[in-house]
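S.K.: requesting a structural model of the entry that follows:
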Amino acid sequence: MTKESTEKSVQQTSRNFAAELRSFFVLCILNLVFGAMIMAFGIAFIVTGVLGIVNGESLGFAAVQVIAWGAIAFLGFRWILSSVTVMEGVTEIRDEFAALEEPVSGEALTGLIVRMMAHYREHRQPVRQMTIICTLGGIVFIGLGVINIFEGIMALNAPPVTGLFYLPAFLAPLLAVGIDLAVGVVSLLISSWFRKYSRAWDLRLAEASRSEDALRQTMERG
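M.R.: Modelled structure (predicted):
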């Protein structure tokens, strides 16, 4: 292989690695958002349950609500911590990759790819769970977008909302549709891309494991 073709191969690998890092980073961000939303919903319903107890509702039913939503809020908090742990390693590698001088050298790129493989192997199970959460979150947001479309249609003939601004009643659902569909589509795309990259990393790890086994067997025979 000539020097020119080698450099082209390294630069193509660099671009692929940049795409992998980008999808991994966005996956972490989305999971932080979903974890924060789960925790916020849990806390909101805990407050509702406590207010119900204060207002004289059935103590047993309200207590079960508080405990159930408290568990959900705790799961959201734990998911945030798990996502942050994965994200820290990705961010460190991403920053080092961004700091590399162009054209990227093969040695520096190989070192970062090896580190990414090690980080992925260490956190493989939570990363797979993050991909599932991202997919489910995308489906939920697209569902909310569809619901807001119907709400916007129903509000077409409603009177304008008065206040600081004079707005048509259908504008709020329309804005919500844009946000929900954007988050939903991005979540599904990122989870789809990341599954493709994770399959590539699994293959790399399998190859590395076979190489390690071969080296160990050679040393044992020696």
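S.K.: now do the contacts for the most centrally placed residue in the chain.
M.R.: Among the residues of the chain, the one closest to the centroid is L27, at 2.7 Å (C-alpha atoms, centre = their mean). Each residue near L27 by C-beta atoms under 8 Å, 6 or more residues apart in numbering is listed here: 127, 130-131, 134, 190-191, 194. Every C-beta, even on glycine, is put in place using the N, C-alpha and C of the backbone.
S.K.: kindly recompute the last result at 7 Å.
M.R.: 130-131, 134, 190, 194 (C-beta atoms under 7 Å, 6 or more residues apart in numbering).
S.K.: ok, V177 next?
M.R.: Here V177 is in contact with 145, 148-149, 152 (C-beta under 7 Å, 6+ apart).
S.K.: my assumption is that it lies in a strand; please confirm.
M.R.: No. Per DSSP: H, G, I helix; E, B strand; the rest coil, V177 lies outside any strand segment and is helix.
S.K.: pLDDT score assigned to the residue nearest to it when sequence neighbours are not counted?
M.R.: Closest residue to V177 apart from its sequence neighbours, by C-beta to C-beta, 6 or more residues apart in numbering: N148 at 4.5 Å. On pLDDT, N148 comes in at 78.
S.K.: same deal with S58?
M.R.: If you check S58, the pLDDT there is 64.
S.K.: count of neighbours near G49?
M.R.: 21 (other C-beta atoms under 10 Å).
S.K.: just the pLDDT at it, thanks.
M.R.: The per-residue pLDDT reported for G49 equals 74.
S.K.: my read is that it contacts V66, right?
M.R.: Yes. Counting by C-beta atoms under 7 Å, G49 does reach V66; the two are 4.0 Å apart.
S.K.: N31 versus G138, what's the distance?
M.R.: Using C-beta to C-beta, to the nearest Å, G138 is found at 12 Å from N31.
S.K.: please identify which of those two sits among more neighbours.
M.R.: Neighbours were counted for G138 and for N31 using other C-beta under 10 Å; N31 has more, 26 against 22.
S.K.: give the contact list for that one.
M.R.: Residues near N31 by C-beta under 7 Å, 6+ apart: 79, 83, 130, 133-134.
S.K.: next one, pLDDT for A62 please.
M.R.: On pLDDT, A62 comes in at 68.
S.K.: what bits of the chain have low per-residue confidence?
M.R.: Residues of the chain meeting the criterion pLDDT under 70: 1-4, 6, 56-62, 155-173, 211-222.
S.K.: buried set for the strand or helix carrying the residue nearest to V177?
M.R.: In this assignment (DSSP states H and E), N148 forms part of helix 124-154. Neighbour counts over helix 124-154 (16 or more other C-beta atoms under 10 Å) mark 126-127, 130-131, 133-135, 137-138, 140-142, 144-145, 148-149, 151-152 as buried.
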